[in-house]
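Enquirer: the following block contains a protein sequence and its predicted model.
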Amino acid sequence: MKRFSALSIACRVVLLGMISVGFASTAPAATSFKVTPTSISFGTQTVGMRSLSQAVTVKNTGTTNITIRNFSLTPFYVFQLEYGYSPRTLLPGQQAQYGIRFVPSGPISYNGQFKVYIAGFSQPSVVSLSGKGISTGAIASVNATSLSYAPLELGSTSSQTLGITNTGTTGMYLNGITIEPPFSLNGIFSPVLIAAGKTYNLVVNFTPSAAVSYTSTMALYFDVVPNKSVSLYGTGVNPTSLAVTTFPTLPSATQGAAYVAYLNSAAGVGQVTWALSPVSTLPQGLSLSDTGVISGTVDPSVAAGTYGFYVKVTDSNVPPTTITVGLHLPVGLPTGAACNNITSYDPNPPNAALIPVTDLGTGTFEGVEGGLYPNGSNVRPPGQESAGLTIAQGITPLDANGNPDPNGLDAMLMIGVSVTRTVMNSFQPMEQADPVLNPKLVLVNGAIDGTTAPDWAKASSGVWQTVLNYYLPYQNVTAKQVVAAYVLMPHPGNGPGKSFPGNMGNQESDLTNIVQNLHTYFPNLQLAYLTSAFYGGYSTVTYPEPYPYEAGFAFESVIADQINGDPNLNYNPSNGPVLAPWLSWGPYIWANGLQPRSDGLTWSCQDLGDDGVHPSSPQGRDKTAGISATFFKTDETTTPWFLNPSARAK
């Protein structure tokens, strides 16, 4: 196997404004806490829609440890937990947060309570909750559930029109759209009012950059009605003459930060030369080389916005062929992240740029072979593939007790940390509304803010109780209906402090424990897909590169351990006690900043938030959700249960 190897007892209750401090005669000395705020008003919210999350903070204000032993929310389905868990121990000065959403089921006023119970205190601290549900007469309808494009030469664009109609009696806003390359929209979108009886037309473009088939999802987000999703399909084919294959919108640049983008062409004769069109300029500080590299540092005076320009490429034909195309370069404001770190390097000799595991192949990083699977391969070994297909094809709907039932449901549980929740808050509603999703499949966002991989690695951790007691019931499924899991755990185990590969040992151990816990808590779980971190070079907190990059090797190792027969990860009852589900990589999402990997994926600073770790909203969040959607809609071991029967035939 491949291994890497916590006042004296007070006589009063102090109330300070919005601060609630509770004491009891059984409380240990020097123990105190505060819960803020004491009340939350969610205002009005459309029936059936979820409000934005609001946080309740529990802070240890004493000098000894405290333990949050439990909490509750009532009414259960109206005021819902977004994140948080118990039991949880807080060190002096440490705090925990609980996110709460308001989801009214009727056009009435609601009052509720969030109660938090601290060990050693006889009474809970209570936060009062209120909100009012309102009705809407708006109804959103789209004229197509999917858009399919005919095979298209690289460098070309095909467009279709999608009509969004309000068939109701009151207006609604189209607030946002998720769409990822090679699909795009004409112009720059902003919230649009669609009056009753009116139609808003979107022009949806397909511009392939590789000769492959594409499957994607476009999500439409409204203010007062549930979102809609449209499936997108297209195929790129090689051009017959010189063509620019770069997607028309380049990766985002950041004001005052370093930048690089690579232009590509196909079907040219001999060497090609690039130049700006005489009538075009780049944002100040950037230049275009004759080899097609846009680079430099964006001048701080450059305003945020999208800059259009024309480039021309000339080949070595006799006479030479020249074409001119228009491109767009978005420039964003500094985010507070380390936006100049557009490329990361091995900290040890030879100090070369980090290579994605998928591109490393049989090459090595610090002596460890690349590839997602053994022998430097990115393809599952035949035995693992065959077993996964057999399991996938055998998945059927289950009743609440886990028995086969054609009228039952299946669930895919998504677990992880705050980064995961951010992504899944986009992925889950986008795909749950996707018309190609299996109507018997329920997607459950089980990720929890404020957690780390070691929290999920402990079988006794309160994170599992949050999943069981809140997240699953909210979706009307049980633990026995969970058949698949998506584990997006960007930073498992320890990071800084040890050198590679020694710093991978805890990560591998944590991942092994996590998948074992999944099997324990969800007895009908069959398949688990693991995904490591995206680029961490912009990070300003705990996990800068190369730690996120190196984490990919821990994921690789755990999956390889199962493939190689590790009994602690056995999924086959014929081989002994079953301790884990069948394992596979999910989408591998790491790329070296603005250095494109072989499939063109990059991560710009604008894709990530102020800390350089959490994906930005909506850009980075939707990008990662889109990558995830494409994986689950196309992988051979997911399509039998993720897609509805008609979509499987595409």
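Expert: Received the coordinates, thanks. Numbers count the residues shown, from 1 in each chain.

Enquirer: helices of the stretch 551-650 of the chain, residue ranges please.
Expert: For the stretch 551-650 of the chain, applying DSSP state H, counting those that start in this stretch gives helices covering 619-634, 639-642, 645-648.

Enquirer: Leu81 is nearest to which of the ones you listed?
Expert: helix 619-634 (20.3 Å; Cβ to Cβ). From N, CA and C alone the C-beta is placed, and that goes for glycine too.

Enquirer: which other helices and strands contact the closest one?
Expert: Applying 3 or more Cβ pairs under 8 Å, 6 or more residues apart in numbering; DSSP states H and E, we find helix 619-634 packed against strand 172-178, strand 213-222, helix 418-432, strand 482-488, helix 639-642.

Enquirer: and the lowest mean pLDDT element among the helices and strands of this protein?
Expert: The helix or strand of the chain with the poorest confidence is strand 15-16; it has a mean of 27 (mean pLDDT, DSSP states H and E).

Enquirer: tell me the most buried of the helices and strands packed on helix 619-634?
Expert: strand 482-488 (a mean of 27; mean count of other Cβ atoms under 10 Å).

Enquirer: how far does that one sit from the chain's center?
Expert: 14 Å (Cα atoms, centre = their mean, to the nearest Å).

Enquirer: quick one: work out the angle between the helix or strand just after it and strand 482-488.
Expert: As assigned by DSSP states H and E, the chain's next helix or strand after strand 482-488 is helix 505-521. Here helix 505-521 runs at an angle of 160 degrees relative to strand 482-488 (axes from the mean of the first three to the mean of the last three Cα atoms, to 10 degrees).

Enquirer: residues of helix 505-521 that come out buried?
Expert: 505-519, 521 (16 or more other Cβ atoms under 10 Å).

Enquirer: can you spell out which helices and strands pack onto that helix?
Expert: Judged by 3+ Cβ pairs under 8 Å, 6+ apart, the packing partners of helix 505-521 are strand 410-416, helix 453-457, strand 482-488, strand 527-531, helix 547-563.

Enquirer: do you know how far the most centrally placed residue in the chain is from Asn317?
Expert: Against the mean C-alpha coordinate of the chain, by Cα atoms, centre = their mean, the closest residue is Val423 at 2.7 Å. In this view, Val423 and Asn317 are 46 Å apart by Cβ to Cβ, to the nearest Å.

Enquirer: over to Val126?
Expert: 78 Å.

Enquirer: and what of Asn201?
Expert: Relative to Asn317, and taking Cβ to Cβ, Asn201 is found at 41 Å.

Enquirer: now do Glu545
Expert: When Glu545 is compared with Asn317 (using Cβ to Cβ), they lie 42 Å apart.

Enquirer: the two: which is more packed in?
Expert: Glu545 (24 against 14; other Cβ atoms under 10 Å).

Enquirer: show me what contacts the more buried one?
Expert: The contact partners of Glu545, by Cβ atoms under 8 Å, 6 or more residues apart in numbering, come to 341, 344, 354, 535-537, 539.

Enquirer: the residue nearest to it when sequence neighbours are not counted: neighbour count?
Expert: Distances taken as Cβ to Cβ, 6 or more residues apart in numbering put Ser344 closest to Glu545, at 3.8 Å, once the chain neighbours are dropped. For Ser344, the neighbour count with other Cβ under 10 Å is 20.

Enquirer: just checking, Ser344 touches Ala353?
Expert: Yes. Here Ser344 reaches Ala353: they are 7.3 Å apart, a contact under Cβ atoms under 8 Å.

Enquirer: overlap in contacts of those two?
Expert: Contacts common to Ser344 and Ala353, judged by Cβ under 8 Å, 6+ apart, are Asn592.

Enquirer: where do the domain boundaries of the protein fall?
Expert: 15-134, 140-237, 243-332, 382-395+407-648 (automatic domain parsing).

Enquirer: highest mean neighbour count out of those?
Expert: domain 382-395+407-648 (a mean of 21).

Enquirer: now the residue nearest to the centre of the chain: closest residue in space that isn't a chain neighbour?
Expert: Nearest non-adjacent residue to Val423 (Cβ to Cβ, 6+ apart): Thr624, at 4.6 Å.
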